[in-house]
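Colleague: Structure, please.
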Amino acid sequence: MNIFVLVKRTFDTEEKIVIANGKIQEDGAEFIINPYDEYAIEEAIQVRDEKGGKVTVVTIGGEEAEKQLRTALAMGADEAVLINTEDDLDELDQYSTAVILAEYLIDKEADLILAGNVAIDGGTGQVGPRVADLLGINYVTTITDLQIDGTNVKIVRDIEGDSEIIETSLPLLVTAQQGLNEPRYPSLPGIMKAKKKPLAKLELDDLDIDEEDVEVKVDTIDIYLPPQKAAGRVLQGELADQAKELVNLLHSEAKVV
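Modeller: Residues are numbered from 1 along each chain as shown. Predicted structure coming up:
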């Protein structure tokens, strides 16, 4: 089975975000594989181990993204591809990212493509479905279970507090939701093996893509941190008096009633 995983490099979830001159500052920050993409990588490895085949992880970015690809290889992926857009594009949006990935994948005869449900930085959840649409293949989002029998696929999909069962067929793109599996940590032998696994580096020219073909469709007007939350307040006195004060505060200060 020919399996591909779409991976994104994101800020560490413990990282403190700093904004200066309207831009997020990356200098000195720690980066990781987008956590939802880890579920996709783990599922790809499990499917390969059960069905046979090969797992290739793919990302778009600069040379620094090689670290995250090596981590995916250490987890158990077979090959990695870095599509370097650093010298060609100043920025990417969901449209341009999907076009680049689809152009890479279009002749790869992928049976299964996995991606994270969302990226923790942008949180749009658009790239996976856009890639599937450009490739003209089926897709199912927010999956929590995946069973493959030949070309038939049975999926459990999360739908905000409930779930639904979907039956579809390969080729297929799915996006991984929390609960699909428990991603493994790279082992020391895995880390050593990852150093020798293939990691291909491509540029837009290798994909016959011109810069104007992937011009972003989204203009970022402003980037800012959310306002700091005010300190909480502890109400004192009898329960009935606390209830009255709470209602008054919700009306006069919070203005929600």
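Colleague: pLDDT of stretch 242-257, averaged?
Modeller: In this model, stretch 242-257 has a mean pLDDT of 85.
Colleague: Which positions within that stretch qualify as buried?
Modeller: Buried residues in stretch 242-257, counted by 16 or more other Cβ atoms under 10 Å: none are found. (Each C-beta comes from the backbone N, C-alpha and C, glycine too.)
Colleague: List of residues touching the host helix or strand of residue 248?
Modeller: Element membership of residue 248, judged by DSSP states H and E, is helix 239-252. For helix 239-252, the surrounding residues in contact (Cβ atoms under 8 Å, 6 or more residues apart in numbering) are 233, 235, 236, 237, 256, 257.
Colleague: Where is the longest strand in this structure?
Modeller: When the chain is scanned for its longest strand (criterion: DSSP state E), the result is strand 138-149.
Colleague: Excluding its own residues, what touches it? List them.
Modeller: 43, 47, 51, 112, 117, 125, 128-129, 132-133, 153-159, 163, 166, 168-177, 179-180.
Colleague: quick one: average confidence on the lengthiest helix in the chain?
Modeller: What stands out as the longest helix in the chain, according to DSSP state H, is helix 35-51. Mean pLDDT, helix 35-51: 97.
Colleague: Okay, now the sheet partners of the helix or strand following that helix, with direction.
Modeller: Once the chain leaves helix 35-51, the next helix or strand it forms, by DSSP H and E, is strand 54-61. Strand 54-61 has the following strand partners under DSSP bridges: strand 2-6 (parallel), strand 79-84 (parallel).
Colleague: Run the angle between strand 54-61 and helix 35-51 for me.
Modeller: Here the directions of strand 54-61 and helix 35-51 differ by 160 degrees (axes from the mean of the first three to the mean of the last three Cα atoms, to 10 degrees).
Colleague: Strand 54-61: which residues count as buried?
Modeller: For strand 54-61, a neighbour-count test (16+ other Cβ under 10 Å) marks 55, 56, 57, 58, 59, 60, 61 as buried.
Colleague: Touching the helix or strand following that strand from outside, list them.
Modeller: Downstream of strand 54-61, the next assigned helix or strand under DSSP H and E is helix 66-75. Under the criterion Cβ under 8 Å, 6+ apart, residues 5, 7, 9, 31-33, 38, 41-42, 45, 57, 59, 79-82, 183-187, 190-191, 193-195, 197, 199 lie in contact with helix 66-75.
Colleague: Since that was my last question, I'll sign off now.
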